[in-house]
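J.: give me coordinates for this.
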Amino acid sequence: MAKFEPLHKDSHGNVKIKAMTNVADLANQHAIGVVVQEFALAGNQYPIVFVKNPDSDDYFPVAIMGLEQNKNLFVSADEKWEGRYMPARYTHKPLTVVPNPDDNKMFAIAIDMEASTVQNEEGDALFNEDGSESEYLESRKKALMAYVENEHITKAFSSLLVENDLLHSQNINVKVKGKEYNLNGIYIVDEKKLNALSDEAFLSIRKRGFLGPIYAHLGSMHQVSSLIQRQAQLLED
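T.: Next up is the predicted model:
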């Protein structure tokens, strides 16, 4: 279980973060959230679809990495990562950004003290001996805050798709070596509706820089074949 604590020099002055050696915690995740800035790279290997938040009407994009629940086809038997691209959401671990309880417009950095990469003996130090932030921590914080901004842009992107009624429900049903797999509850952009938009609506999407992510998402659906190949290999093994 993760144990996040607000990062502070007094509590974590001796904490170091070592390089990740395995991705065991991804083995049971068949989908990982992505932001629009990742669509081009992630879409070259994984289908990117949208899922609906069960607690709201919001939609958010995920990269599909398995044909069945709780099975990531890109984690090897020895818990190594076999994908060409690792979603940024995972690379920020064991650090994360949390809202300031006193001001929801402000954010703070938190660290998962239960993560295997968190050490006192080896790795990159978060603080210097004088208590100041290390260059390593400064770079990690900058990357995290950029990701938070990208999440806001992605939320605006998804909202725009909904406003223009461009998302429609889609089931992925495939058969691999006689076994059927069904991925339900996913949504993709309806290309016919996209092409039927008014000039004004289409231009609005283009001006906001969202056409690229839309086409990257649509093109990524061809990567379902990659999942089928990996599933077939898994069944053979």
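
J.: just checking: what are the partner strands of the helix or strand of the chain with the lowest mean pLDDT?
T.: When the helices and strands of the chain are compared on mean pLDDT, DSSP states H and E, strand 103-112 comes out lowest with a mean of 83. Here strand 103-112 has these sheet partners by DSSP bridges: strand 4-6 (antiparallel), strand 95-100 (antiparallel).

J.: comparing those by mean pLDDT, which bottoms out?
T.: With a mean of 86, strand 95-100 has the lowest mean pLDDT of these.

J.: ok now the least confident helix or strand of the chain, how far from the chain's centre?
T.: 19 Å (Cα atoms, centre = their mean, to the nearest Å).

J.: which strands and helices sit next to the lengthiest helix in the chain?
T.: Longest helix of the chain, by residue count under DSSP state H: helix 135-163. Identification of packing neighbours for helix 135-163 by 3 or more Cβ pairs under 8 Å, 6 or more residues apart in numbering; DSSP states H and E yields strand 59-64, helix 88-91, strand 95-100, strand 103-112. Every C-beta, even on glycine, is put in place using the N, C-alpha and C of the backbone.

J.: what residues are up against Met170?
T.: No, residue 170 isn't Met; it's Gln. 49, 186-188 (Cβ atoms under 8 Å, 6 or more residues apart in numbering).

J.: so how do I select the buried members of those residues in PyMOL?
T.: Restricted to buried positions by 16 or more other Cβ atoms under 10 Å, the PyMOL selection for the contacts of Gln170 reads:
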select buried, resi 49+186+187+188
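
J.: now flag whichever of the contacts of Gln170 is closest to Asp124.
T.: Val49 (35.0 Å; Cβ to Cβ).

J.: these two touch, right, that closest one and Phe60?
T.: No. The criterion here is Cβ atoms under 8 Å, and Val49 misses it with Phe60 at 10.2 Å.

J.: which intervals of the protein have sub-threshold pLDDT?
T.: Flagging of the chain using pLDDT under 70 yields the residue ranges 101-104.

J.: going along the chain, name the helices of it.
T.: So, for the chain - with DSSP H - the helices run 9-12, 39-42, 88-91, 135-163, 191-195, 199-207, 211-220, 224-236.

J.: tell me the buried residues in the first one?
T.: What that stands for is helix 9-12. 9, 12.

J.: tell me what that helix is packed against?
T.: Under the contact criterion of 3+ Cβ pairs under 8 Å, 6+ apart, helix 9-12 touches no helix or strand at all.
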